[in-house]
Each structure stands twice: as C-alpha cells, then as structure tokens.
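Participant: Got a predicted structure plus its sequence, pasted below:
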Amino acid sequence: MQYWLTAAILLAFFVLTFIIAQLKKNNGIVDIAWGLGFVVTSVISWLLGRPEGSVPLAMSLLVMIWGLRLTWFLAKRNLGKPEDFRYADMRRKWNPGTFYLRMFVQIYLLQLLLNFIINMPSIVRNLEDLDGWNWLATAGLLIWLTGFVFESVGDSQLRRFKADPANRGRLITHGLWRYSRHPNYFGEATQWWGICLMGISDGRFVWLLVSPVVITLFLLFVSGVPMLEKKYAGRPDWEAYKAKTSKFIPLPPSHS
C-alpha cells in the first residue's frame, strides 16, 4: 500500500507539473521537475516508512542533495528562456488534436516511470526499514561523492564557459571536459551506482541494480549523450575533440 501511495503522490506531482507547463506553454518545465520528483519520492517514502536505520536516512539525503542541486541548476539555466528546442519541435510536428495527450504520455508519464524505477533503492530501504551499514554502504557513499563532484564541477565549468561571450560557438575542452565529452552525465550515473550499492549493502534486494543500469543506459543511448553528440556531429572542432576525448568514462586524452 505504501508503494502505491508513493507512486500516486508522484503521479499527482507530474500532473501538476504538466498543468503548469501547458499554462506557461513551456514543456521545458518538466526537465526542472525531473530532479525534484526524486526528492518527492524519497521524502514521501521516508515519511511513510519511518525507518530507524542510518542507511535509509543517508540514501534519502543523498537523493535529495542530487535532486535539489539538479533542480536549482536547471531552473537557473532554463527559467525565463524560450521552450527547449526539443519540445518546441514536438509542438510544431505533432498533431494539434492529440498534442496534449501525446505529450503527457510520452514525456511526463515516461519521466514518472523512470523516476520511480531509478529511485527504487531509496524507496525500498525507506519502506522496508532495512539497516546494515557496512563496507559496501561506505563504498557506495564514496562512489556517490565521486559522481557528485563530476556532475557538479562539470556543470559549473560548462556554465562559466558559456557565460563568457568570447566562447560563443566554441566547445569547452578544458577541466573535466578534457577527459570526458560528458563528465556531468558520467557523474550523474555514478551517483546512482553509489546509491544502489548502499541499497543492497545488507545482501538483499539485489534486483535494485536495475536502477543504475536504467539511468546509465538512458543517458548513454536515449537522452543526454546521444542528443548532444548528434547536435555537434560534423563540426570540425567537434570531430577533432571527439577523436581524442573519451565519450563517457573519464580517461587521459588520446594524442593519436
């Protein structure tokens, strides 16, 4: 019952987000709500389960830190701007008669489903009241911290780079971006691997590994990485950068 209630509250959150986005005629708002949705499910499941262990509390706090940082970053970047080109393109191409239904199902409900699946480690530990802090939980925390540094520093470096008018039309190739073409996405996936290790630290619920697998595959093959790779494909500076820089996992640049 608690799982269904958590899911129902998350559904209400995305329905409200959808309504606000349509009133504002800007579906980019759902990107801002993405991180906040994780905060909602972690907080609600913790309040419902009232776990006493340190592992569930730590996991919920890590999810909240990740979600709130991402929400703040995207809100600062996107609020007050025109609708993201992806959603604007859908608005132009999709049948006006089915636009709202299709948008809700293909974008909002999909994000809801991904949100719930990816955050299952935190939800399960909160509702099942499992503790058992051990070396695996510690390893998970350290992995999360590594991912948090990559995502937050990578985003910060990119934001400062784009804020300089002298860099208009140029690619960022320094800092963490020297070692990975997408260090922020690598950091995002890494954080969820860390959270998942904490989630399975007591030896049960190994199926929770589906969480980091889903978000890693989603970032690598559906959204995030492939969209940016397609956007810059064919540019001479991008092709040169691509030839010597790792796509995802940070590695020393190639000099071949």
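Facilitator: Looks like it arrived, so ask away.
Participant: all contacts plus neighbour counts: C-alpha atoms, from now on.
Facilitator: OK.
Participant: for the stretch 51-200 of the chain, which spans come out with low pLDDT?
Facilitator: 130-131 (pLDDT under 70).
Participant: So which residues of it form strands?
Facilitator: Read by DSSP state E, counting those that start in this stretch, the stretch 51-200 of the chain holds no strands at all.
Participant: Please enumerate the helices of it.
Facilitator: 54-78, 85-93, 99-103, 110-118, 120-128, 135-163, 183-199 (DSSP state H, counting those that start in this stretch).
Participant: Just tell me which of those helices ends up closest to K25.
Facilitator: For the helices of the stretch 51-200 of the chain, proximity to K25 was assessed by Cα to Cα; helix 85-93 is nearest, at 9.6 Å.
Participant: who's in contact with that closest one?
Facilitator: By Cα atoms under 8 Å, 6 or more residues apart in numbering, the residues outside helix 85-93 that reach it are 26-28, 99.
Participant: Counting neighbours, which bits of it end up buried?
Facilitator: Buried positions in helix 85-93, judged by neighbour count with 16 or more other Cα atoms under 10 Å: R91.
Participant: chain center to that helix: distance?
Facilitator: 22 Å (Cα atoms, centre = their mean, to the nearest Å).
Participant: I'd like the numbering to begin with 46 instead of 1 from here.
Facilitator: With 46 as the first residue, the last one maps to helix 130-138.
Participant: picking that back up, now rank the contacts of helix 130-138 by neighbours and give me the top one.
Facilitator: Across the contacts of helix 130-138, neighbour numbers were computed from other Cα atoms under 10 Å; N72 holds the maximum, 26 neighbours.
Participant: To which secondary structure element is the residue nearest to W237 when sequence neighbours are not counted assigned?
Facilitator: Once flanking residues are discounted, W237 sits nearest to P257: 5.2 Å by Cα to Cα, 6 or more residues apart in numbering. Using DSSP states H and E, P257 sits in helix 255-266.
Participant: quick one: contacts of that helix?
Facilitator: Contacts of helix 255-266 with the rest of the structure, by Cα under 8 Å, 6+ apart, involve 162-166, 230, 234-235, 237-238, 241, 269-271.
Participant: and it, which residues are buried?
Facilitator: Residues of helix 255-266 classed as buried: 255-257, 259-261, 263-265 (neighbour count, 16+ other Cα under 10 Å).
Participant: from the residues you listed, which is closest to A184?
Facilitator: P257 (15.2 Å).
Participant: G232 versus that closest one, what's the distance?
Facilitator: 12 Å (Cα to Cα, to the nearest Å).
Participant: next one: F195
Facilitator: 5 Å.
Participant: Over to Y153?
Facilitator: 24 Å.
Participant: again, but for A182
Facilitator: Counting by Cα to Cα, the gap from A182 to G232 is 18 Å.
Participant: I'd like the distance from V251 to G244, if you could.
Facilitator: On the measure of Cα to Cα, V251 and G244 end up 9 Å apart.
Participant: more neighbours, those two?
Facilitator: G244 (32 against 14).
Participant: dump the residue contacts of the closest residue to that one other than its chain neighbours.
Facilitator: In space, and not counting its chain neighbours, G244 is closest to P166: 5.1 Å by Cα to Cα, 6+ apart. Contact analysis of P166 by Cα under 8 Å, 6+ apart lists 240-241, 244-245, 253, 256.
Participant: For A208, see how far away P166 is.
Facilitator: 37 Å.
Participant: For Y153 and G232, indicate the residue with more neighbours.
Facilitator: Legend: neighbour count by other Cα under 10 Å for Y153 and G232, higher for G232 (26 against 22).
Participant: Spatially nearest residue to that one (excluding sequence neighbours)?
Facilitator: G192 (3.9 Å).
Participant: Is it correct that the one you found is in contact with Y230?
Facilitator: No: assessed by Cα atoms under 8 Å, G192 is found out of contact with Y230, at 9.1 Å.
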